[in-house]
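> Fold the following for me, if possible:
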Amino acid sequence: MRYRFSQGLLLLLAICFLLQVFSPLRLNTDAIILLSMGESAAHGGGFLDSGQKTVHPPGYPALLAALMRVGLARPWAIVGLNAVFLSAGLFATYSLLIREFFEDKSVVLIICSLFLLSFIVVKHFPIPLTDVPFFCCSMCCLAVMSKTTKMDWNWRFVILAVAAWLLAVAAITTRRVGVALVPPLVFMIVCSPHFKSLLKRLSRRTTLMIVGASAIVGVGTMRVVAKTSTLVDFLSVAKQSKISTLVVQIISYRLTEFGELLGNLPMSKMPTQLHIMVPWIGLILFLLTLFGLATKRRHIGPTEVFLVCYMGILFAWPYYDARFWLPVLPLLIAYSVLAIKSLRFPNGVVMIYCIVFSALGFVAIAYSTRISFAGSTFPDRYGDGTLRPTYCAAFQSCRDGGDPNKVDAKALRVLRAYN
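Now for the predicted structure:
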């Protein structure tokens, strides 16, 4: 019965997400830059934003450029591409959680459903951003690494290891935090139970060939990182702040983001009186995640190494945005479930929380779907109103015509290029 319910819930959510394909192009600051890079690349101008280099890797803009070159640079195609990435990432997540976390399939399906019900997934799924593609690449990479660690050293192991490396490279070219996949790759090889025994059996020549090949792969990976990543934005903030002030601010950012994740509500939608409580709520999720990680200390694998590296990078990142956690949200939920089981939380409390979390998620889905089918009122429904004049100018759908003096020229160009 529970398995059938979890299947039905996931199917319902899949339908709800597919409805967002009918949404007009949704923009925010990063989306405008990424779309501009894609347009520039499609016309042979390189991955530039208005002729300027950006901090964004070229992976996702390259996909946008490909869509533009084949005549599919339309909002439905962009959201549809996100749907493909989300589906593949969820399948990989399911495979990973079944293999490493839970034998009960219904528990894994519920975790996948809770992931889809999170407001950060609902909000950012229809927007052309790197979060969903990176989620797909990273989860697929972890799923492949998980399978590889349980195999003997043979040609199939080599093929899967190469596949994991290619997925890690794809993740790095999509988002800079993809470098968090490099330590798990090394862990997958070095900590394999057959690695040491294999080295003893190999000849010196073969060992040198393996070391040489590994060095080439390592240099190649570092070259990809150097070519696609930059820390200009990090350094600009770090230089302006004292280390102690920066550390306190980053911790506050991360705990606030965790509080929004656990409450499944952005702080901007919460009553002002509750804002002071959000970081403390976030501390609960942070501690649950750490406790869940601790329960697997005797069976550490690439997934644990990745999440620790990912969290370590974000706890050094001086910017605030809850969507930073979207790619690893299923892992945060999974480790929290392990902690809850180990600490023996009352089932009634867990059930009530899941119901409230899901209810808020469905409210977010209903709101997003309303935006998708808003028609001529889309400029009034979407966003905080900043881009309303731009949408009015692009769609010519506003009764008052919008304020022409507040039109964002770059956003308008992007809207016309991708519609």
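
> Give me the distance between residue 47 and residue 63.
Distance, residue 47 to residue 63, using CB to CB, to the nearest Å: 12 Å. In short, each C-beta sits where N, CA and C put it, glycine included.

> which residues of the stretch 101-250 of the chain score low on pLDDT?
Scanning the stretch 101-250 of the chain for pLDDT under 70 picks out the ranges 152-153, 192-239.

> distance of the most centrally placed residue in the chain from residue 120?
Taking CA atoms, centre = their mean as the criterion, residue 327 is the residue nearest the geometric centre of the chain, at 2.7 Å. Distance of residue 327 to residue 120, computed by CB to CB: 10 Å.

> go on, residue 302?
24 Å.

> of those two, who's got more company?
residue 302 (26 against 22; other CB atoms under 10 Å).

> so that one sits right up against residue 186, yeah?
No: using CB atoms under 8 Å, residue 302 is not in contact with residue 186, being 9.4 Å away.

> Check the contact lists of those two and give me the overlap.
Common neighbours of residue 302 and residue 186, counting by CB atoms under 8 Å, 6 or more residues apart in numbering, are absent.

> so who does the residue nearest to the centre of the chain touch?
Residues near residue 327 by CB under 8 Å, 6+ apart: 131, 134-135, 138-139, 175, 177, 310.

> give me that answer again for 10 Å
By CB atoms under 10 Å, 6 or more residues apart in numbering, the residues touching residue 327 are 89, 130-139, 171, 174-175, 177-178, 180, 310.

> Residue 325: how many residues sit nearby?
When counting by other CB under 10 Å, one arrives at 22 neighbours for residue 325.

> Next: residue 55.
Neighbour count for residue 55, taken as other CB under 10 Å: 13.

> Kindly confirm my reading that it is in a helix.
No: using DSSP: H, G, I helix; E, B strand; the rest coil, the secondary structure at residue 55 is coil, not a helix.

> In stretch 62-71, which residues have enough neighbours to count as buried?
62-65, 67-68 (16 or more other CB atoms under 10 Å).

> and which of those residues is nearest to residue 419?
The shortest approach to residue 419 among the buried residues of stretch 62-71 belongs to residue 68, at 11.9 Å (CB to CB).

> Let me see the contact set for that closest one.
Contacts of residue 68 (CB under 10 Å, 6+ apart): 35, 38-39, 41-43, 74, 77, 417-418.

> May I ask which two of the residues you listed are separated the most?
43 and 77 (18.2 Å).

> if we can go back for a sec, keep only those of the contacts of residue 327 that are in helices.
89, 131-139, 171, 310 (DSSP state H).
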